[in-house]
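J.: generate a structure from the sequence data that follows.
(one chain, ligands or ions: 1)
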Amino acid sequence: MVPRHIAVIMDGNGRWAKKRLLPRSAGHREGMKRMIALCDHAFEAGVEYVTLYALSAENLTRPQEEVDGLFALFRKYFAENIGRLLEKGVRLKVIGDGALLPPDIVQLSREGEERTAAGEKGILVLAIGYGGRQEILRAVNEAVRGGKELSQEGFSSLLSTAGIPDPDLLIRTGKEKRLSNFLLWQCAYTELYFSDKMFPAFTNADLDRALENYAGRERRYGKV
Ligand code: FPP
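T.: Numbering: from 1, shown residues only. All right, here's what the predicted structure looks like:
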């Protein structure tokens, strides 16, 4: 079965570039190209939701030059790709803490969301300035202010992913095997898939392999 929702931690851009004696920014540029093609491929394969970890809240502590380079890439992405998403019927949603981002990127995100709001062929969720613990804490504080006990569904509805089903499959490239503060609540029963390939080298065929691997898994959700 094709997973309805895949989440991807796109790790390894820097190491990919280093191995080729290129600046880290070249790795991120190549990663963006790969991410665009990979999304198309995932939606064509029947995946309905693709959530990508484009920038964690913690990544913002990297050297300013690298962070600015990533912001420039996001601007380029919004300028060049909203039209493509529209053509493909893909709806964009951006999650993360907008207060951590330059205001024009927040504005471009909102415009992209509004322009693609009628898309029905797939949903692309970009996590920018995102942190799972921060998201949970925001929701907890909101719940406390509300003063009522919540169900799991009620709590989920306070998160930035409200209305989006939990990921079925989480893919992390770049050899590391950790969640790095990504979708902590949402991934409670998500199947995990790790690839040793650096993200810019993770091909559409590699994604097919991950989807095939998922198809062979038995999901028991703690039952027998
Ligand atoms: C992690 O690799 C990757 C990032 C922090 C940035 C990911 C961003 C992209 C792939 C560009 C996506 C663009 C858009 C518009 C969504 P790393 O830098 O931590 O690599 P390393 O672990 O090898 O150093």
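
J.: any idea how far apart the tips of stretch 145-160 sit?
T.: 17 Å (Cα to Cα, to the nearest Å).

J.: check the offset of it from the chain's centre.
T.: Relative to its parent chain, stretch 145-160 has a centroid offset of 23 Å by Cα atoms, centre = their mean, to the nearest Å.

J.: go on, stretch 109-118?
T.: 17 Å.

J.: that stretch near the ligand at all?
T.: No: counting by Cβ under 6 Å from any ligand atom, the ligand has no neighbours in stretch 109-118; the shortest distance is 10.4 Å. C-beta coordinates here come from the backbone N, C-alpha and C atoms, glycine included.

J.: give the buried residues for that stretch.
T.: By neighbour count on 16 or more other Cβ atoms under 10 Å, the buried set for stretch 109-118 is Ser109, Gly112, Arg115, Thr116.

J.: adding pLDDT, write those residues out as JSON lines.
T.: Shown next, in JSON lines, are these (pLDDT from 0 to 100):
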{"residue": "Ser109", "pLDDT": "98"}
{"residue": "Gly112", "pLDDT": "98"}
{"residue": "Arg115", "pLDDT": "98"}
{"residue": "Thr116", "pLDDT": "98"}
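
J.: is stretch 67-75 in proximity to the ligand?
T.: Yes: judged by Cβ under 6 Å from any ligand atom, stretch 67-75 comes into contact with the ligand at Leu73, Phe74.
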